[in-house]
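In: Just a sequence and a predicted model for now, questions to come.
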Amino acid sequence: MLTFIKKKDMVVIGGGLAGICAAISAARQGRSVALVHNRSMLGGNSSSEIRVWVSSATKHGVNRYARETGIMGELFVENQYRNIDGNPYIWDALLLEKVISEKNIELFLNTEITKVFMEGESIKKVSGNTLGSEQSIDFEAPFFIDCTGDGVIGYLAGADFRIGREGKEEFNESLAPNKPDSKLMGSSLLFYSKEENHKVEFIPPSFAKNIAQTEIAKNRIIHEKDSGAKYWWIEFGGELDVVHDNEAIKGELLSLIYGLWDYIKNSGKYNADNMTLEWVGTVPGKREYRRLLGDYVLKQSDIEEQTLFPDTIGFGGWSIDLHPSRGIYNESGGAYHSVADGIYPIPYRMLYSRNIVNLFMAGRDVSASHVALGGVRIMGTCALMGEAVGTACSLAVEKECSPREIYQRYLPQYLQLLLRNDASVIGYRNLDADDLARTAEVSSSGHLREINTYVSNYRKYKLNQSVAVSFPVNPKLSAINVPISARTNTTLKVELWQTGKPQNYIPQELIDEQEVKVSKGELNWIRIPFNWSPEHEKNAFVIFRSNSDLELLLGCGKYPGVLSYVNIAIEEMNHPDLHKFTRESPVLHWTTQLIHNQNFIFNVEDETEAFVPQNIINGYVRPYSGPNMWTMRFGNRSEWVQLKLNGLVTISEIRLTFDDDVNEDLINLHHHYTEHPAMPEIVKDFRILYNQNGSWQELLNVTGNHVRHRVFKLENRVVTDNIRLEIMNTNGSEFMSIYEIRLYGRVKKCDEE
């Protein structure tokens, strides 16, 4: 057995999405990283070995403006561009490409870490073997990041951890059992099926479960053409040890899959004559095991109350989604949900060990109660936690400090570094003193001054149930105008609500209500008066109460900052056999899913300031209270925004953040289809110009862009007092939007030539 020694700035163990994002974020900060993974491919539960779709804070479109940015957002957008049909092997290739293209990452696949060597309360090195190579490798570094999911590095190092469920009293969690126990959420094994053009027989193997002799068919929804993660409920092992009993759990799951397929094929209850198995997983996807304890333990109330922490490094949005430990054998309910009113913050203090001084963690082994883990274990959320710890670890290398000291001494700098890299941070804005754009004078060729969703491509929508629209109010709302058809003289009841927390889009507080007369006739424009001047920009949520004698107009297409809703419960609420809800947020009852990328036609009487060019330096790079974008409607010319700087500046780096419509729910595999390879809102063709001696010179000319966040490091630095961004085209949208421009360099001194 050959033994090698690898010395790095940090070692990331675990190549799921948390580990990938941790490694990439640190590598992009210039740190040397070893990424060690015990499988032959990256991606963890999202890989082609297991094939769970990457769920995220969007909760499959339930939450508004909730898609992650940063590295996970980059992966979503790039996968959509390359892999619109959700091929799992193309997803594998994308993850591998992203890792190996980072020159500061050295990747070690098929390498199992089996030993951890300590020096006091710090990890000195970890050691593992590489399958098939007869090699042993020692990894030495000042910092280690446990992204194993099972918390194996923390366990071997002696980190404090928990397995199982806390009792109600410990964190005052209503969803916890009365007494603590060792029960867990189980593991799942998935399969793909396909339809042939001929009849396919299926003879089940002897180990296949006889589903007809169980309660499974009565308690679960079975469709012959469902496959993959739609069968997430093929779950088992929560009453066992999901690591030590992994092979026994896998055996039971295989018997269930083949038994279920036998039931689909041979029970006579399904139209499955031509259906056949295409792929069956052999690696169970785990939901829960060890949770390493940090300086903070996330709990149920943090999620439900959407607590804003001083060390917020990202957000979740998935419901507290708790699966019964009996899994598929539970007689009722495959999952129990508590749903927050929108996305909720995640604190940094849950991402490092409280007793191992150089250990970070990200993924499903973080410091959370069993209940809270039900929300943050989702892969998209694990990924943004990975980016956060990779960034923190990079800063710890620079400062030669512990993970805890990042919180105690360097928290403002850390948060600003995350924001600089477009990480998924809410509640905090760009205050980077090095960003020269922040103090610039902003001007533009114009901006969107109206909210008017009228389009010629519309259909009538009968008001059999209440509907709503949300839109930004800045500075005031005097009235809205709505085209309505009425089959008789009647009245329309309209309510104005504000939405509560800046990231929420629900009717939270009633501001005003009006009842207006509507005369019989086709498409009368009705004026609905309001009188609301919020203290700062907020979103209005306007409800049109049901009246079956009335019809609104529903137009195809999106409008910046505007969403439309119908008052119908989301589909999951119609299946109590699979989903039970312990907290029902209004987001479950006011859905955009049924009219996705459509809007009810209306206009706001007041001119809006929600899209002014000054938004590009307001510090926010996603919707939060308002759109936070400079927006223009394209005409027959290019549009521009200009930054006049405070004197001559030598510019070495430019960062642009475009609108990629974070309300669009992207997915890596087959959950749903999104038709546009490139997000239509992203700026496609643009130029960057600088002023030199009174004339504009071209610095950069970019065509075919399809990504949100662009970083340009200038080899030939320019000296100027004016920078202009000129937009020629988007990827299809008639609206052009920019979140942020950042400029880095130095102010030229008076005595410099």
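Out: Now that the structure is in, tell me what you want to look at. Numbering: from 1, shown residues only.

In: buried ones in the one helix or strand in the chain whose mean pLDDT sits lowest?
Out: Ranked by mean pLDDT, DSSP states H and E, the helix or strand of the chain with the weakest confidence is helix 216-219, at a mean of 85. By neighbour count on 16 or more other Cβ atoms under 10 Å, the buried set for helix 216-219 is 216-217, 219. To be clear about C-beta, it is placed using only N, CA and C from the backbone, and glycine gets the same treatment.

In: Serialize these to JSON lines and add fields for distance to Glu239.
Out: Formatted as JSON lines, the buried residues of helix 216-219 follow (distance: Cβ to Cβ, whole Å):
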{"residue": "Ile216", "distance to Glu239": "17"}
{"residue": "Ala217", "distance to Glu239": "22"}
{"residue": "Asn219", "distance to Glu239": "17"}
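
In: Quick one: classify the closest residue to Phe202 other than its chain neighbours as helix, strand or coil.
Out: Using Cβ to Cβ, 6 or more residues apart in numbering and skipping the chain neighbours, the partner closest in space to Phe202 is Lys265 (4.2 Å). Secondary structure of Lys265, reduced to three states by DSSP: H, G, I helix; E, B strand; the rest coil: helix.

In: Stretch 116-123 spans what distance, first to last residue?
Out: Counting by Cα to Cα, to the nearest Å, you get 7 Å between the two ends of stretch 116-123.

In: For Ile123, what are phi and psi?
Out: Backbone dihedrals for Ile123, given as degrees, to the nearest 10, come out at phi -80, psi 130.

In: meant to ask about Ile5
Out: With angles defined as degrees, to the nearest 10, Ile5 sits at phi -120, psi 130.

In: who's in contact with Trp53?
Out: By Cβ atoms under 8 Å, 6 or more residues apart in numbering, the contact set of Trp53 is 46, 86, 228-229, 667-671.

In: and the residues you listed, which of them are in strands?
Out: Per DSSP state E, strands hold no members of the contacts of Trp53.

In: Show me this protein divided up by domain.
Out: Split into domains by automatic domain parsing, the chain comes to 2-165+293-420, 187-280, 436-447+611-747, 458-573+580-604.

In: what distance separates the longest one from the centre of its chain?
Out: Relative to the centre of its chain, domain 2-165+293-420 is centred 14 Å away, using Cα atoms, centre = their mean, to the nearest Å.

In: now the domains of the chain in JSON lines, with distance to Tyr428?
Out: JSON lines is the format used below for the domains of the chain (distance: least, Cβ to Cβ, whole Å):
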{"stretch": "domain 2-165+293-420", "distance to Tyr428": "6"}
{"stretch": "domain 187-280", "distance to Tyr428": "33"}
{"stretch": "domain 436-447+611-747", "distance to Tyr428": "8"}
{"stretch": "domain 458-573+580-604", "distance to Tyr428": "11"}
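
In: and these, which is most packed in?
Out: domain 2-165+293-420 (a mean of 22; mean count of other Cβ atoms under 10 Å).

In: Enumerate the helices of the stretch 351-500 of the chain by residue range, in sequence order.
Out: 370-376, 379-399, 403-409, 411-420 (DSSP state H, counting those that start in this stretch).

In: Can you show me the helices along this protein?
Out: Remark: helices assigned in the chain by DSSP state H are 17-28, 70-82, 88-100, 152-157, 168-171, 216-219, 246-266, 300-304, 370-376, 379-399, 403-409, 411-420.

In: between those helices, which one is nearest to Glu537?
Out: Comparing these against Glu537 with Cβ to Cβ, the closest turns out to be helix 411-420 (19.6 Å).

In: that older thread, show me what contacts the residue nearest to Phe202?
Out: Residues in contact with Lys265 (Cβ under 8 Å, 6+ apart) are 202, 272, 275.

In: so how far is Val200 from the second one?
Out: When distance is defined by Cβ to Cβ, to the nearest Å, Ala272 is 9 Å away from Val200.

In: quick one on the thing from earlier: of the domains of the chain, which is nearest Asp181?
Out: Nearest of these to Asp181, taken as Cβ to Cβ: domain 2-165+293-420 at 5.4 Å.

In: Over to the closest one now: how far is its first residue from its last?
Out: 43 Å.

In: Next: stretch 229-240.
Out: Per Cα to Cα, the first residue of stretch 229-240 is 22 Å away from its last.

In: mind checking how far that stretch is from the chain centre?
Out: For stretch 229-240, the distance to the chain centre is 23 Å (Cα atoms, centre = their mean).

In: cool, stretch 529-548 as well?
Out: 28 Å.

In: cool, stretch 446-463 as well?
Out: 28 Å.

In: neighbouring contacts of it?
Out: So stretch 446-463 is contacted by 467, 469, 471-472, 485, 544, 546-548, 550-557, 559-562, 599-604, 607-608, 610-613, 630-633, 639, 735 (Cβ under 8 Å, 6+ apart).

In: per-residue confidence averaged over that stretch?
Out: Regarding stretch 446-463, the rounded mean pLDDT is 97.

In: same check, this time on stretch 631-647
Out: 92.

In: before we move on, what about stretch 705-712?
Out: Averaged over stretch 705-712, pLDDT sits at 98.

In: what's the span of stretch 558-565, first residue to last?
Out: First residue to last in stretch 558-565 (Cα to Cα) measures 13 Å.

In: do the same with stretch 40-49
Out: Using Cα to Cα, the end-to-end distance of stretch 40-49 comes out at 9 Å.

In: who's in contact with it?
Out: For stretch 40-49, using Cβ under 8 Å, 6+ apart, the contacting residues are 14-20, 39, 50, 52-54, 88-89, 91-92, 95-96, 99, 109-110, 149, 281-283, 285-286, 379, 668-669.

In: what about 6 Å?
Out: Stretch 40-49 has contacts (Cβ atoms under 6 Å, 6 or more residues apart in numbering) with 15-16, 52, 54, 88-89, 92, 95-96, 109-110, 283, 285, 379.

In: One more: stretch 703-714?
Out: Counting by Cβ under 6 Å, 6+ apart, 81, 422, 652-658, 660, 678, 682, 684-685 sit against stretch 703-714.

In: swap the cut-off to 7 Å and go again
Out: 69, 73-74, 77, 81, 422, 651-658, 660, 678, 682-685, 700, 731 (Cβ atoms under 7 Å, 6 or more residues apart in numbering).

In: With stretch 515-529 instead?
Out: Here stretch 515-529 makes contact (Cβ under 7 Å, 6+ apart) with 478-494, 514, 550.

In: now do stretch 230-241
Out: Under Cβ under 7 Å, 6+ apart, the answer for stretch 230-241 is 183-191, 220, 245, 248-249, 252-253, 256-257, 323, 325-328, 334, 578.

In: Any stretches of the stretch 601-750 of the chain with poor pLDDT?
Out: Residue ranges of the stretch 601-750 of the chain with pLDDT under 70: 748-750.

In: how close does Glu163 sit to Gly14?
Out: Just to correct that, residue 163 is Ile rather than Glu. Taking Cβ to Cβ, one finds Ile163 at 18 Å from Gly14.

In: and what of Pro284?
Out: In terms of Cβ to Cβ, Pro284 sits 16 Å off from Gly14.
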